[in-house]
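Student: Okay, sequence plus prediction incoming.
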Amino acid sequence: MPKFLVQRWHGMHIVWALVLIFILTVALASYQWLLGLLGLMLGGVVAVYGILAEKAFRKDLNEYVLTLTHRIKNVGNEVIGQLPFGIILFNEEKEIQWHNAFVATVVGKTTIVGEPLGTYFPALSHTFKDRETSEASIGGRVYELLLRPNERFLYIRDITDRWTLKKKYDEEKLALGIVMMDNLEEVAQGMDEQQRALMLSKVTGEINEWSQKYGLFLRRLSSDRYMVITNQIALKSLEQSRFELLDDVREITIEQKLPMTLSIGFASGSDNAIELGHLVQGSLDIALGRGGDQAVVKVGQRQSFYGGKSNAVEKRTRVRARVISHALRDLIKESDNVIIMGHKMPDMDAIGASIGVLKAAQLYGKDAYIVLEGINPAIQRMMDMLKEDEKLTKKFISPEHAFGLMTKRSLAIVVDTHRATMVAEPRLLQATERIVIVDHHRRSEEFIDDAVLVYMEPYASSTCELVTELLQYIHERVVLDVREATALLAGITVDTKSFAFRTGSRTFEAASFLRRNGADSVLIQRMLKEDLEEYIRKAEIIRNAETYRDCIAIAVADAGKQVPQLLIAQSADTLLNMTGIKASFVIGMRPDGNVGVSARSLGHINVQIVMERLGGGGHFTNAAAQLQGSVGEVALKLKQVLNEIDKEEGLFE
C-alpha cells in the first residue's frame, strides 16, 4: 500500500481520537477542572500531530500523482510509438506537424515533419472529405488511409495481407465460357465428308491450341459448341489479346472460300454456378444477336465486346421464321388485345413493321393498335398516305389511350428496337407480362429481358422484311391491301437505300411477296422525294466534309444551325458514295439540343462499335449516336475513338 494512503489511514484515526478526547475532557471538567485542563492539553497535542500528518499526506499525494503522470506519459508515448498503424497530425496548409514511428517506417525516413502531406500520399490530393478512405501503394505494400480533415489527422493502416488475399480470391474466381461455330451447317452444305472433316479439324485444332496457350479447360459439348472453364486471370489475358481466336479461325478458313466464324460468350463475378451459367448463355446470345464473329464478356456489371469485324451472314433456312410465326400466332390468340410500339420518332421501317403486325392481329380477330408518340418529319408523306384509309388511321393511338386499353393479358409487340428506353412509351411494358420483340438491329447491352418471344435477326435488311416473312407463315391466306403492302415495302426500301445496301436473297423474296400484294413502288418514290431547301442544306453540310485517315469522311454542320436527324443521316448516305470513302460520319446539332452523329460504312469498317463507344449503336454498316456538348467537341471525341479502335483492332487496315 502506498505510504500516503497509510498516512491517510492514520489521519482518520487522529480525528476520531480528538473527538473522543473532547468528549472525555467535557466529562472530566464537570467533576474536576484540573483533569479537564489536562485533557484539553492532550487534545491540543493530538490536533498538532493531525495537522502535521495532513501536510505530509498532501505532500506524498502530490509526489505520487506527479510520478504516476510521468509514468503514464512515458507508457503512452511508448504505446503510440509501437502502434501497428500510423498517425499523422497536419496543419491547415496540409503540412505534417507530427507523426508516430510507424509512419517513419512506411516512408523510409526518420522524420517527415514540415513536409507537405501530398508529397508522400498523392491519393489524398483527389479528395479531402471527412472519414473518406483511400488506398495507397508505398514501397511495395498497400496502405489504407482514413482522413479526418476537421481534426487534421490521418490514420494509416497496412492492409497488404488483406489486399493480397482479396486479389487472389478475385483472380481465382470461376469464369465460364462457350465457344460456338456460327455458321457450321451453312459452310458444310455441299461439302463431302473429307472436306468437312478437314475443315473441322483445322478449326478444332486452332481452338485447342488457343485453350492450351491460355491454360483453359476445354470440353466439347456438341459438333459446333465448346465449354470453357477458367479463372479471372486467364480471362483478363483473353481480353487483353482481344480474343485473337476470332481472327485466327476466320483467316484459316477463308482460304477455302468458305469462311467460318466463331461466337464466344464469357461470364464471371458470381459465386453461384447456376447464375453464372445463365450469364454465360446470355453473353453468347448477345454475341449471336449482334451477328456473330465476336466475343461478349460479362463480369459483374461490366459488359465488353470484342471482334465483330465481319458483317452478319444471311441464313439459308426459313425454319426459324415459321417457328416464330406460329409462336406469335398462339400469343395473339391468347391475348385480350395487341398493342404495337416502335421506337421514338419512328421511321418508315418502324411504321411499316407496325402495320404488318397490326394485319397479323386482325387476321385472328383481335383488337390491335399502334402507339404513336410524335411524328418524324421524314415520314409525313407516308402518314398522309395512310390517313386516306379511315379505318387504318383510327388504329394509331396515343400512349395515354393505350394505358386505358392495357390489361395483364394484353400483348405488347415492340418492333424495330429492343431497348426499353427507346420505345414510344416505356411504361406500357410494365403494364403487361406478355412482350414480343421483332427487330433487325444488332443486340446491345440494354435489352428488354422479360420478353416471352424474341425475333432478332441482324442479317435482315429491315424489320419490315422480318414482319413480311412472318405474315407468310402466320396465316394460310394473307391478303394485304395496297397501303399495307406499300408501307412494308417502303420500310425495306429506305433501310436498304433502294436495295443498294444490306440486301440478301430473303430481302428480294420479301419485296416480291409485297409486290404481288399490290405494293406501289411509284408511291414509295413520291414518299422519298426531297425538298429543294433540304437538298441545299444537305449540300452545305457536305461542303464542310474532310477526309480523315484517307478513307473516312467526317462532316460537321455549322455550330449555330440546328439540323434534323434525317438530314444528318441523308448527308452521311451521300458522303458514302464519294470515291475512296469507306465510311462516313456526319455531326450536327439537333433541334432537341443534342448533338446527333450518323455513321455509314460499305462493310470494311464496323461503324456500330464506333457508335457504341459514343453511347449509341446500330448495325455493322449503319449506326448513330446522340451526345451532349458542342459539335466541335463531339468531332474531336469521334476522332479519338477512331484512333483508339484502330490501335486496338486495326480499324484502317
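Tutor: That came through, no problem.
Student: Okay, now the unreliable bits of this structure?
Tutor: The model of the chain has pLDDT under 70 over residues 1-54, 56-58, 60-83, 125-132, 190, 255-258, 308-317, 650-653.
Student: domains of it?
Tutor: By the assignment in automatic domain parsing, the chain contains the domains 3-81, 85-165, 174-307, 319-527, 537-649.
Student: Now render those as JSON lines, adding mean neighbour count.
Tutor: Where C-beta positions appear, they are placed from N, C-alpha and C, glycine not excepted. Shown next, in JSON lines, are the domains of the chain (neighbours: other CB atoms under 10 Å):
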{"stretch": "domain 3-81", "mean neighbour count": "13"}
{"stretch": "domain 85-165", "mean neighbour count": "14"}
{"stretch": "domain 174-307", "mean neighbour count": "18"}
{"stretch": "domain 319-527", "mean neighbour count": "20"}
{"stretch": "domain 537-649", "mean neighbour count": "19"}
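Student: hang on, isn't Arg396 packed against Glu373?
Tutor: Heads up, residue 396 is Phe, not Arg. No. Using CB atoms under 8 Å, Phe396 is not in contact with Glu373; the gap is 10.4 Å.
Student: distance of the closest residue to Pro122 other than its chain neighbours from Gly491?
Tutor: Take Pro122 and drop its neighbours on the chain: the residue closest to it by CB to CB, 6 or more residues apart in numbering is Ala136, 7.7 Å away. Ala136 is 58 Å from Gly491, where distance means CB to CB, to the nearest Å.
Student: Also Tyr214?
Tutor: Note on Tyr214: its distance to Gly491, by CB to CB, is 45 Å.
Student: Ok, Ala234 next?
Tutor: 45 Å.
Student: in the stretch 551-653 of the chain, which spans are helices?
Tutor: 565-575, 607-613, 631-649 (DSSP state H, counting those that start in this stretch).
Student: which residue is nearest the middle of the protein?
Tutor: In the chain, the centroid-proximal residue (CA atoms, centre = their mean) is Arg302; its distance is 5.2 Å.
Student: Quick check: bridge partners of that one?
Tutor: Arg302 forms beta bridges with Val299, as assigned by DSSP bridges.
Student: can you check Val179 too?
Tutor: Assigned bridge partners for Val179, using DSSP bridges, are Tyr226, Ile264.
Student: All the strands of the stretch 101-250 of the chain, in order from the start?
Tutor: 133-138, 141-148, 153-158, 174-181, 217-222, 225-231 (DSSP state E, counting those that start in this stretch).
Student: now do the stretch 451-600 of the chain
Tutor: In the stretch 451-600 of the chain, the segments counted as strands under DSSP E, counting those that start in this stretch are 453-456, 546-548, 552-556, 583-589, 595-601.
Student: Present those strands as JSON lines; the columns should include distance to Lys359.
Tutor: JSON lines is the format used below for the strands of the stretch 451-600 of the chain (distance: least, CB to CB, whole Å):
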{"stretch": "strand 453-456", "distance to Lys359": "16"}
{"stretch": "strand 546-548", "distance to Lys359": "45"}
{"stretch": "strand 552-556", "distance to Lys359": "40"}
{"stretch": "strand 583-589", "distance to Lys359": "35"}
{"stretch": "strand 595-601", "distance to Lys359": "31"}
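Student: Can you check which of those strands gets nearest to Ala378?
Tutor: strand 595-601 (12.7 Å; CB to CB).
Student: Any chance you could list what contacts that closest one?
Tutor: Contacts of strand 595-601 with the rest of the structure, by CB atoms under 8 Å, 6 or more residues apart in numbering, involve 563, 565, 568-569, 571-573, 575-576, 582-590, 607, 610-611, 614, 616, 618, 620-631, 634, 638.
Student: could you dump that strand to PDB, C-alpha only?
Tutor: Extracted C-alpha coordinates of strand 595-601, given in PDB (Å, rounded to 0.1, in the frame of the first residue of the first chain):
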ATOM      1  CA  VAL A 595     -25.600  16.500 -81.000                       C
ATOM      2  CA  GLY A 596     -26.500  13.800 -83.500                       C
ATOM      3  CA  VAL A 597     -24.000  11.600 -85.200                       C
ATOM      4  CA  SER A 598     -24.900   9.400 -88.200                       C
ATOM      5  CA  ALA A 599     -22.400   6.800 -89.400                       C
ATOM      6  CA  ARG A 600     -22.400   4.800 -92.600                       C
ATOM      7  CA  SER A 601     -20.000   2.100 -94.000                       C
END
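Student: gap between that strand and the chain center?
Tutor: 22 Å (CA atoms, centre = their mean, to the nearest Å).
Student: Now stretch 163-178 - C-alpha only, PDB.
Tutor: Presented in PDB, the C-alpha positions along stretch 163-178 are these (Å, rounded to 0.1, in the frame of the first residue of the first chain):
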ATOM      1  CA  TRP A 163      -5.500  -6.800 -50.200                       C
ATOM      2  CA  THR A 164      -3.300  -9.700 -51.500                       C
ATOM      3  CA  LEU A 165      -5.800 -12.200 -50.200                       C
ATOM      4  CA  LYS A 166      -8.700 -10.400 -51.800                       C
ATOM      5  CA  LYS A 167      -6.800 -10.000 -55.100                       C
ATOM      6  CA  LYS A 168      -6.000 -13.700 -55.100                       C
ATOM      7  CA  TYR A 169      -9.600 -14.500 -54.400                       C
ATOM      8  CA  ASP A 170     -10.800 -12.300 -57.200                       C
ATOM      9  CA  GLU A 171      -8.300 -13.700 -59.700                       C
ATOM     10  CA  GLU A 172      -9.200 -17.300 -58.900                       C
ATOM     11  CA  LYS A 173     -12.900 -16.700 -59.200                       C
ATOM     12  CA  LEU A 174     -14.600 -19.100 -61.600                       C
ATOM     13  CA  ALA A 175     -15.100 -17.900 -65.200                       C
ATOM     14  CA  LEU A 176     -17.200 -19.900 -67.700                       C
ATOM     15  CA  GLY A 177     -17.200 -19.500 -71.400                       C
ATOM     16  CA  ILE A 178     -18.900 -21.000 -74.500                       C
END
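Student: Contacts for it next, please.
Tutor: 135, 142, 216, 221, 225-235, 264-269, 271, 273, 276-277, 279-281, 283-284.
Student: Mind exporting the C-alpha coordinates of stretch 571-582 to PDB?
Tutor: Output of stretch 571-582 as PDB, limited to C-alpha atoms (Å, rounded to 0.1, in the frame of the first residue of the first chain):
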ATOM      1  CA  SER A 571     -25.800  13.600 -95.600                       C
ATOM      2  CA  ALA A 572     -23.900  10.500 -94.300                       C
ATOM      3  CA  ASP A 573     -25.500   8.400 -97.100                       C
ATOM      4  CA  THR A 574     -24.400  10.800 -99.700                       C
ATOM      5  CA  LEU A 575     -20.800  11.100 -98.500                       C
ATOM      6  CA  LEU A 576     -20.500   7.300 -98.600                       C
ATOM      7  CA  ASN A 577     -20.900   7.500-102.400                       C
ATOM      8  CA  MET A 578     -17.700   9.500-102.800                       C
ATOM      9  CA  THR A 579     -14.700   7.900-104.400                       C
ATOM     10  CA  GLY A 580     -12.300   6.300-101.900                       C
ATOM     11  CA  ILE A 581     -14.600   6.700 -98.900                       C
ATOM     12  CA  LYS A 582     -15.100   3.500 -96.900                       C
END
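Student: contact partners of it?
Tutor: Outside stretch 571-582, the residues touching it (CB under 8 Å, 6+ apart) are 497, 538, 541-542, 545, 547, 550-553, 555, 583-586, 588, 598-602, 604-605.
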